[in-house]
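Enquirer: Predicted structure and sequence below. I'll ask about it afterward.
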Amino acid sequence: MNNEIIKEIEAAELKAEVAEFAVGDTVKVYNLIKEGNKERTQIFEGTVIKRQGGSNRETFTVRKLSNGVGVEKTWPLHSPHVQKIEVVRRGKIRRAKLYYLRDRVGKAAKVKEIIK
(Lines give C-alpha, C1' and ligand atoms only; values in the text may rest on other atoms or scores of the structure.)
Protein backbone atom coordinates (compact mmCIF):
# COMPACT_ATOMS: atom_id res chain seq x y z
CA MET A 1 0.00 0.00 0.00
CA ASN A 2 2.75 2.46 0.93
CA ASN A 3 4.66 1.69 -2.27
CA GLU A 4 1.64 2.68 -4.38
CA ILE A 5 1.36 6.03 -2.63
CA ILE A 6 5.09 6.69 -3.09
CA LYS A 7 4.92 5.79 -6.79
CA GLU A 8 1.99 8.18 -7.33
CA ILE A 9 3.86 11.05 -5.67
CA GLU A 10 7.03 10.32 -7.67
CA ALA A 11 5.09 10.11 -10.95
CA ALA A 12 3.68 13.59 -10.35
CA GLU A 13 7.22 15.01 -10.04
CA LEU A 14 8.53 13.57 -13.35
CA LYS A 15 9.14 15.86 -16.32
CA ALA A 16 7.01 15.22 -19.38
CA GLU A 17 9.94 15.49 -21.80
CA VAL A 18 13.52 14.51 -21.04
CA ALA A 19 16.32 14.75 -23.59
CA GLU A 20 17.76 11.43 -24.65
CA PHE A 21 21.46 11.28 -23.85
CA ALA A 22 23.91 8.67 -22.62
CA VAL A 23 27.21 8.45 -20.82
CA GLY A 24 30.02 9.71 -23.05
CA ASP A 25 27.89 12.31 -24.83
CA THR A 26 28.90 15.96 -24.81
CA VAL A 27 25.92 17.98 -23.60
CA LYS A 28 24.89 21.54 -22.81
CA VAL A 29 22.91 21.79 -19.59
CA TYR A 30 20.75 24.92 -19.35
CA ASN A 31 20.57 25.63 -15.63
CA LEU A 32 18.24 28.21 -14.06
CA ILE A 33 20.01 30.36 -11.46
CA LYS A 34 18.27 32.71 -9.05
CA GLU A 35 20.26 35.67 -7.74
CA GLY A 36 18.15 37.73 -5.40
CA ASN A 37 14.99 38.51 -7.35
CA LYS A 38 16.61 37.95 -10.77
CA GLU A 39 16.65 34.73 -12.76
CA ARG A 40 19.09 33.81 -15.49
CA THR A 41 20.12 30.76 -17.47
CA GLN A 42 23.67 29.46 -17.22
CA ILE A 43 25.01 26.91 -19.69
CA PHE A 44 27.36 24.16 -18.53
CA GLU A 45 28.92 22.20 -21.40
CA GLY A 46 30.87 19.01 -20.84
CA THR A 47 31.01 15.23 -21.06
CA VAL A 48 28.51 13.06 -19.19
CA ILE A 49 30.60 10.76 -16.98
CA LYS A 50 27.77 8.98 -15.18
CA ARG A 51 24.02 8.47 -14.87
CA GLN A 52 22.59 6.79 -11.83
CA GLY A 53 19.31 6.13 -10.05
CA GLY A 54 15.87 5.79 -11.50
CA SER A 55 12.45 7.41 -11.62
CA ASN A 56 12.46 10.94 -10.22
CA ARG A 57 15.70 10.30 -8.27
CA GLU A 58 17.81 9.87 -11.41
CA THR A 59 20.93 12.04 -11.53
CA PHE A 60 23.68 12.68 -14.05
CA THR A 61 27.18 14.13 -13.70
CA VAL A 62 28.85 16.34 -16.30
CA ARG A 63 32.60 17.07 -16.36
CA LYS A 64 34.42 19.89 -18.13
CA LEU A 65 37.83 21.53 -18.00
CA SER A 66 37.79 25.17 -16.96
CA ASN A 67 41.15 26.98 -17.10
CA GLY A 68 42.97 23.66 -16.79
CA VAL A 69 40.97 22.58 -13.75
CA GLY A 70 38.42 19.76 -13.95
CA VAL A 71 34.93 20.76 -12.81
CA GLU A 72 32.13 18.25 -12.22
CA LYS A 73 28.50 19.03 -11.49
CA THR A 74 25.70 16.63 -10.64
CA TRP A 75 22.06 17.43 -11.35
CA PRO A 76 18.80 15.62 -10.73
CA LEU A 77 17.41 14.77 -14.17
CA HIS A 78 13.88 15.89 -13.31
CA SER A 79 14.88 19.06 -11.46
CA PRO A 80 12.91 22.25 -12.25
CA HIS A 81 16.26 24.11 -12.33
CA VAL A 82 17.42 22.10 -15.35
CA GLN A 83 15.56 23.84 -18.16
CA LYS A 84 16.83 21.66 -20.98
CA ILE A 85 19.64 19.34 -21.98
CA GLU A 86 21.04 19.70 -25.50
CA VAL A 87 23.23 16.96 -26.98
CA VAL A 88 26.19 18.49 -28.82
CA ARG A 89 27.79 15.22 -29.93
CA ARG A 90 27.42 11.51 -29.25
CA GLY A 91 30.28 9.59 -27.67
CA LYS A 92 31.48 6.09 -28.50
CA ILE A 93 32.27 4.37 -25.20
CA ARG A 94 32.29 0.89 -23.71
CA ARG A 95 31.76 1.66 -20.04
CA ALA A 96 28.88 2.79 -17.85
CA LYS A 97 30.95 5.21 -15.76
CA LEU A 98 33.83 7.27 -17.13
CA TYR A 99 35.76 7.96 -13.92
CA TYR A 100 39.04 7.34 -15.74
CA LEU A 101 38.64 10.75 -17.45
CA ARG A 102 39.49 12.40 -14.12
CA ASP A 103 43.12 11.31 -14.44
CA ARG A 104 43.53 12.44 -18.04
CA VAL A 105 44.34 15.84 -19.50
CA GLY A 106 44.21 17.26 -23.03
CA LYS A 107 43.62 14.93 -25.97
CA ALA A 108 43.74 11.86 -23.74
CA ALA A 109 40.58 13.09 -22.00
CA LYS A 110 38.58 13.09 -25.26
CA VAL A 111 35.86 10.58 -26.04
CA LYS A 112 35.58 9.30 -29.62
CA GLU A 113 32.55 10.55 -31.54
CA ILE A 114 29.94 8.35 -33.16
CA ILE A 115 29.72 9.31 -36.83
CA LYS A 116 26.49 8.43 -38.59
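Expert: Thanks, I have the structure now.

Enquirer: From here on, just use CA atoms for contacts and neighbour counts.
Expert: Will do.

Enquirer: For the one residue sitting closest to the centre of the chain, which non-adjacent residue is spatially closest?
Expert: Compute the mean C-alpha point of the chain, and by CA atoms, centre = their mean the closest residue is Phe60, 4.0 Å away. Excluding its sequence neighbours, the residue lying closest to Phe60 (CA to CA, 6 or more residues apart in numbering) is Arg51, at 4.3 Å.

Enquirer: Based on its surroundings, how many neighbours for that neighbour?
Expert: Neighbour count of Arg51, defined by other CA atoms under 10 Å: 20.

Enquirer: Who are the contact partners of it?
Expert: Ala22, Val23, Glu58, Thr59, Phe60, Thr61, Lys97 (CA atoms under 8 Å, 6 or more residues apart in numbering).

Enquirer: Sort out for me which of these are in strands.
Expert: Using DSSP state E, the subset of those located in strands is Thr59, Phe60, Thr61.

Enquirer: Go through this protein and flag its longest strand.
Expert: Max-length strand for the chain by DSSP E is strand 38-52.

Enquirer: quick one: average confidence on that one?
Expert: Average pLDDT, strand 38-52: 95.

Enquirer: Give the full set of residues in contact with Glu10.
Expert: Glu10 sits in contact with Ser55, Asn56, where contact means CA under 8 Å, 6+ apart.

Enquirer: Now the helix or strand containing it: average pLDDT?
Expert: Taking DSSP states H and E as the definition, one finds Glu10 inside helix 2-13. For helix 2-13, the mean per-residue pLDDT is 82.

Enquirer: Not counting its own residues, what contacts the helix or strand just after it?
Expert: Downstream of helix 2-13, the first helix or strand assigned by DSSP H and E is strand 26-35. By CA under 8 Å, 6+ apart, the residues outside strand 26-35 that reach it are 39-48, 81-91.

Enquirer: any idea how far Lys64 lies from Arg57?
Expert: 23 Å (CA to CA, to the nearest Å).

Enquirer: So which of these two has more stuff around it?
Expert: The neighbour comparison of Lys64 against Arg57 (other CA under 10 Å) goes to Lys64, with 20 against 14.
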